[in-house]
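K.L.:
Make a model of this:
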Amino acid sequence: MSRHYRTIAGNLEFFLGAYLIDFGILGLVFFSRFVNRDGRYASAAAIVLGFLLLVRAQRMLGYHRAIFWLISLLAIVVPVGLLLPALIKWWR
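P.N.:
Residues are numbered from 1 along each chain as shown. Modelled structure (predicted):
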C-alpha cells in the first residue's frame, strides 16, 4: 500500500475511532439514568472499539506517539465537552 493510501486509511480510522469513543462516553452518561444494561454495554463496546481503532491508526500513520495521543485526547475531549452540557441540562 502506498504512503498516500496509508495516510488516508489512518486518518479515517482515527476519526472513526474518536467518534466512537465520543458517543460511547456520551451514551454511558445518557444510559446511567435509565435501567438499560444493553445501552450501557453498547456504549462500553463503542469505547473499546474506538480505542482499538485509534491504536491501529497510530501504527498506520506512524506519527510520534506523544503528538498522536495529544491530538487524540483533544479529538475526544472537545466534542464531549461541547455536548455534555446539553445532555446534563436535559437530564435535570
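
K.L.:
can we go C-alpha only for contacts and neighbour counts from here?
P.N.:
OK.

K.L.:
buried ones in the lowest-mean-pLDDT helix or strand in the chain?
P.N.:
Within the chain, confidence by mean pLDDT, DSSP states H and E is lowest for helix 65-91 among all helices and strands, at a mean of 90. The neighbour-count check on helix 65-91 (16 or more other C-alpha atoms under 10 Å) flags F68, S72, A75, I76, V80, L84 as buried.

K.L.:
ok, now which ones touch the last one?
P.N.:
L84 sits next to L26 when contact means C-alpha atoms under 8 Å, 6 or more residues apart in numbering.

K.L.:
and what of the third one?
P.N.:
Residues in contact with A75 (C-alpha under 8 Å, 6+ apart) are A18.

K.L.:
hang on, the earlier thing: tell me the one of the buried residues of helix 65-91 nearest V29?
P.N.:
L84 (8.7 Å; C-alpha to C-alpha).

K.L.:
how big is the angle separating the helix of greatest length in the chain from helix 65-91?
P.N.:
Taking DSSP state H as the criterion, the chain has its longest helix at helix 3-31. Per axes from the mean of the first three to the mean of the last three C-alpha atoms, to 10 degrees, the angle that helix 3-31 makes with helix 65-91 is 30 degrees.
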